[in-house]
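> let's see this in three dimensions:
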Amino acid sequence: MTGTAMTEEKEFLKMFQVPVIEIPTNLPNIRKDFPIQAFATARGKWEHVREEVEYMFRLGRPVLVGTTSVENSEYLSDLLREQKIPHNVLNARPKYAAREADIIAQAGRKYAITISTNMAGRGTDIILGGNPKMLAKEVLEDSLLPFLTKEAPNLETDGLPISQQGLSKIKVGASSLALLAKAALMARYVCKTEGKNWSYQKAKSVILKSIELSQSIEIEDLEKKINQEVQMYPLIPTIALAYHIVLKDTEVHCSDKGNEVKKLGGLHVIGTSLHESRRIDNQLRGRAGRQGDPGSTRFMVSLQDEMFQKFNFNTEWAVKLISKITDNEDIPIEGRAIVKQLLDLQVNAEKYFFGIRKSLVEFDEVLEVQRKHVYNLRQLILTGDPQSCREHIFQYMQAVVDEIVYGNSDSQKHPSNWNLGKLYNEFVQIGGDALAGSFAEIKEEDVLSSLGQVSGVNFIEIDTFSLPGLPVPPNGFRGIRKKISSLRRWFAICSDDVARQVHSWKGRHQVTACLLRKYLGDFLISSYLELVYESGFDDAYIEEIEREVMVKSLDSFWREHLINMNRLSSAVNVRSFGHRNPLEEYKIDGCRFFISMLSATRRLTVESLLQYWSSSSVESEEFFYTIISCADFSQC
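So this is what the prediction gives:
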């Protein structure tokens, strides 16, 4: 629900499936939106802006000028300073932004001129005649800060003084003056008892604290609090009471001046260029005519504006049309044909940026799918019961074994043509010391001979399965749960969901490969269970170690994956020169990166756990703290 985003209705609906509902104004809008004025040159536009600001200033109407850059706001400020027109600047520079709310509070007063960049809500309303609460705060600061501190404000952090030239002086009553004098006298003595002057920031915080107190306590309670105060000088309650009284005076002052401004026509808003989004221009227009107040807006553009130059829009037709109407390039043109063409150019700019945002969303959707998978896995590891965590480790070990077998065999060829040497070495390397002793005497020929003996076997005993001539797996599957887990893994191997995705895994030697996967997986898992059992640690400590290693390895590789995906998104656009879709290329390579990341995570987790439990207790502790403190697991 919004008041200005109807121009982006299609984008919200298409990208986020969110409809847009325009919120009607609380009171009827009587603001006058004058036609856009087009200039051939930027010099003519800025000169006309200065003239219109000067004209409104002579009338007494407050003016808000919106610019699209800091440089433009300061350029216009220099033009107005040459004409000795008092004004306030609000842009991104700290010396201006520090007093942002105070500047906007002055923007609706008579004779107020405000220059701002990309003026949207800003969190403070522009009230005709001035904002009573903000003006009351300024009265307190002007009256009390000289007595609370002798330190001068820092222009870079505390902001430039707000220009009060041309603005009518705020009139406060006798009671307000008396309370301000009392607070000032009390502030002088409090500072004296402190033994040193307060800093400028501390003095401002005292006033702010007093204002907050006045807004939470009624005036009668404040008077009681002052009388019951234990301290000799109840400074904060006194300032709070003074704010109460001064606020009533500023409300009367702002109401009277607001009526005068309404009679003059209200706030006049000047836009010095069309923004790349109509929504921003509508936000600037919306600062005038609030709550049924009168107001007016005027946008002035030149064909040399940044938007037209940035997008290389063809504006020669507009220059020729203006030259036919007048010889003076500084004279504004309000013709419907030119304005319509300029607005069409703005719509084209919106479409261009919509395409960029759409592309970013589509690219982010690829990473979002991966992010959800990793976060769900991480949450499952952290919050799952010990049995599910142990089951994850078994799945990791079986997956590592499957990758080794997939990479070194082909079910369409006889095992004699498999790369059994590399397969055997990789498997032993994964297990480290846990497997080195069992397979020390085993050679490539032994593995080939064993596979030849089981080729064509129609029945195997799952519980005590081993390949003939090869080491028998340790008896690690003690208990019904571990035996059921072993049986489930064998069913998963037989269904071969992963292998079906590889076209080469449809040969007549597929059963032999599955038996090899079963044997190596059982040997690795049972060896791990045997090491854990022999370690003698209690189940709680073992569970803590397993979770810690799994989470740390996942986090480390996920961080590296995010960096790689960011680099990929920056580099993939180059492939469009080869007539390839960058988004499709990003999806394909991103999927490859993600699969590699998960594979590396599983392998490091398995290696780390086996190495941890196969080491001595002292070495285990040192190795564990090395693992959890390692920034990049690829270096562990």
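> please tell me I have it right and Phe427 contacts Leu520.
Yes: contact criterion C-beta atoms under 8 Å: Phe427 and Leu520 qualify, at 5.8 Å. All C-beta atoms are positioned from the backbone trio N, CA, C, and that covers glycine.
> find the residues that touch each one of those two.
Val401, Ile404 (C-beta atoms under 8 Å, 6 or more residues apart in numbering).
> between those two, who's got more neighbours?
Comparing Phe427 with Leu520 by neighbour count (other C-beta atoms under 10 Å), the higher total belongs to Leu520, at 26 against 21.
> give me the element that one is part of.
Using DSSP states H and E, Leu520 maps to helix 510-535.
> how about stretch 145-155 as PDB, C-alpha atoms only?
Extracted as PDB, the C-alpha positions of stretch 145-155 are listed here (Å, rounded to 0.1, in the frame of the first residue of the first chain):
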ATOM      1  CA  LEU A 145      23.500  26.000  25.100                       C
ATOM      2  CA  PRO A 146      25.700  29.000  25.700                       C
ATOM      3  CA  PHE A 147      25.200  28.500  29.500                       C
ATOM      4  CA  LEU A 148      25.600  24.700  29.300                       C
ATOM      5  CA  THR A 149      28.900  24.600  27.400                       C
ATOM      6  CA  LYS A 150      31.500  26.900  26.000                       C
ATOM      7  CA  GLU A 151      32.600  24.400  23.300                       C
ATOM      8  CA  ALA A 152      31.800  25.400  19.700                       C
ATOM      9  CA  PRO A 153      30.000  22.900  17.500                       C
ATOM     10  CA  ASN A 154      32.000  20.700  15.100                       C
ATOM     11  CA  LEU A 155      30.700  21.600  11.600                       C
END
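> distance between that stretch and the chain's centre?
37 Å (C-alpha atoms, centre = their mean, to the nearest Å).
> now do the buried residues in it.
Under the neighbour-count criterion of 16 or more other C-beta atoms under 10 Å, stretch 145-155 has Leu145, Phe147, Leu148, Thr149, Pro153 buried.
> for the helix holding Leu520, packing partners?
helix 386-408, helix 420-431, helix 433-436, helix 444-454, helix 480-495, helix 582-614 (3 or more C-beta pairs under 8 Å, 6 or more residues apart in numbering; DSSP states H and E).
> returning to that earlier point: out of the buried residues of stretch 145-155, which two sit at the greatest distance?
Phe147 and Pro153 (15.2 Å; C-beta to C-beta).
> just the element for Ile563, please.
helix 539-571.
> and that helix, what's buried?
Here helix 539-571 shows 542-543, 545-547, 549-554, 556-558, 560-561, 564-565, 568-569 as buried, counting by 16+ other C-beta under 10 Å.
> coming back round to it: got the helices and strands packed on helix 510-535 as CSV, with distance to Glu530 columns?
Converted to CSV, the helices and strands packed on helix 510-535 look like this (distance: least, C-beta to C-beta, whole Å):
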stretch, distance to Glu530
helix 386-408, 13
helix 420-431, 12
helix 433-436, 8
helix 444-454, 22
helix 480-495, 12
helix 582-614, 9
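> now mean pLDDT and distance to Thr25 too, for these, in a markdown table please.
A markdown table is the format used below for the helices and strands packed on helix 510-535 (pLDDT from 0 to 100; distance: least, C-beta to C-beta, whole Å):
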| stretch | mean pLDDT | distance to Thr25 |
| --- | --- | --- |
| helix 386-408 | 85 | 57 |
| helix 420-431 | 82 | 70 |
| helix 433-436 | 71 | 75 |
| helix 444-454 | 75 | 81 |
| helix 480-495 | 64 | 64 |
| helix 582-614 | 89 | 42 |
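> nearest to Ile207, out of those?
Per C-beta to C-beta, nearest to Ile207 of those: helix 582-614, 54.8 Å.
> report the inter-axis angle for that closest one versus helix 510-535.
Relative orientation of helix 582-614 and helix 510-535, computed by axes from the mean of the first three to the mean of the last three C-alpha atoms, to 10 degrees: 50 degrees.
> and helix 582-614, what does it pack onto?
Short answer (3+ C-beta pairs under 8 Å, 6+ apart): helix 582-614 packs on helix 336-383, helix 386-408, helix 420-431, helix 433-436, helix 510-535, helix 539-571, helix 617-629.
> list the buried residues for the fifth one?
Put plainly, it is helix 510-535. 510-532, 535.
> what is the burial count for His373?
Around His373 there are 12 residues (other C-beta under 10 Å).
> no, scratch that, I was asking about Gly271
23.
> same thing with Ile331?
Neighbours of Ile331 (other C-beta under 10 Å): 14.
> which element is it on?
Per DSSP H and E: nothing holds Ile331, as it lies in no helix or strand.
> determine the longest strand present in this protein.
strand 295-302 (DSSP state E).
> packing partners for it?
strand 32-33, strand 37-39, helix 42-59, strand 267-271, helix 278-285.
> the shortest one pairs with which strands, parallel or anti?
In the sheet containing strand 32-33, the strands it pairs with under DSSP bridges are strand 295-302 (parallel).
> state the distance from Arg575 to Ser409.
34 Å (C-beta to C-beta, to the nearest Å).
> picking up where we left off before, beyond the longest strand of the chain, next helix or strand please.
With DSSP H and E, the next secondary element past strand 295-302 is helix 306-310.
> tell me how many other residues crowd Asp256.
12.
> before we move on, what about Glu334?
When neighbours are counted by other C-beta under 10 Å, Glu334 comes out with 11.
> quick check: it touching Arg298?
No: contact criterion C-beta under 8 Å: Glu334 and Arg298 do not qualify, at 10.2 Å.
> joint contacts of the two?
Gln37.
> tell me which stretches of the stretch 51-200 of the chain form strands.
Per DSSP state E, counting those that start in this stretch, the stretch 51-200 of the chain carries strands over the ranges 63-67, 88-90, 113-117.
> among those, which is the most enclosed?
strand 63-67 (a mean of 26; mean count of other C-beta atoms under 10 Å).
> of the helices and strands packed on helix 510-535, which is nearest Gln309?
Of the helices and strands packed on helix 510-535, nearest to Gln309 by C-beta to C-beta is helix 582-614, at 27.0 Å.
> Ser438 - how many residues pack around it?
Ser438 has 17 nearby residues by other C-beta under 10 Å.
> any idea how far the nearest residue to it once chain neighbours are set aside is from Leu610?
In this structure, Ser438 finds its nearest non-sequential neighbour in Pro471, 4.4 Å apart by C-beta to C-beta, 6 or more residues apart in numbering. With distances taken as C-beta to C-beta, Pro471 is found 16 Å from Leu610.
> what about these two, which has more around it?
Remark: of Pro471 and Leu610, Leu610 carries more neighbours, 21 against 17, as counted by other C-beta under 10 Å.
> got a list of what that one touches?
Neighbours of Leu610 in contact, by C-beta under 8 Å, 6+ apart: Ile430, Gly431, Gly432, Asp433, Ala434, Ser527, Tyr528, Leu531.
> make TSV out of these and add distance to Gln379.
Compiled in TSV, these are given as follows (distance: C-beta to C-beta, whole Å):
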residue	distance to Gln379
Ile430	27
Gly431	30
Gly432	30
Asp433	33
Ala434	30
Ser527	29
Tyr528	24
Leu531	28
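> quick one: Asn564 and Phe593 touch, right?
Yes: counting by C-beta under 8 Å, Asn564 touches Phe593, with 5.5 Å between them.
> okay, the host helix or strand of Glu9 in CSV with CA atoms only?
Per DSSP H and E: Glu9 is located in helix 9-16. Taking Å, rounded to 0.1, in the frame of the first residue of the first chain, the C-alpha atoms of helix 9-16 are listed here in CSV:
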residue,chain,number,x,y,z
GLU,A,9,2.8,-1.6,-10.2
LYS,A,10,3.7,-4.1,-13.0
GLU,A,11,7.1,-4.7,-11.6
PHE,A,12,5.8,-5.5,-8.1
LEU,A,13,3.2,-7.8,-9.6
LYS,A,14,5.6,-9.6,-12.0
MET,A,15,8.7,-9.9,-9.8
PHE,A,16,7.2,-10.4,-6.4
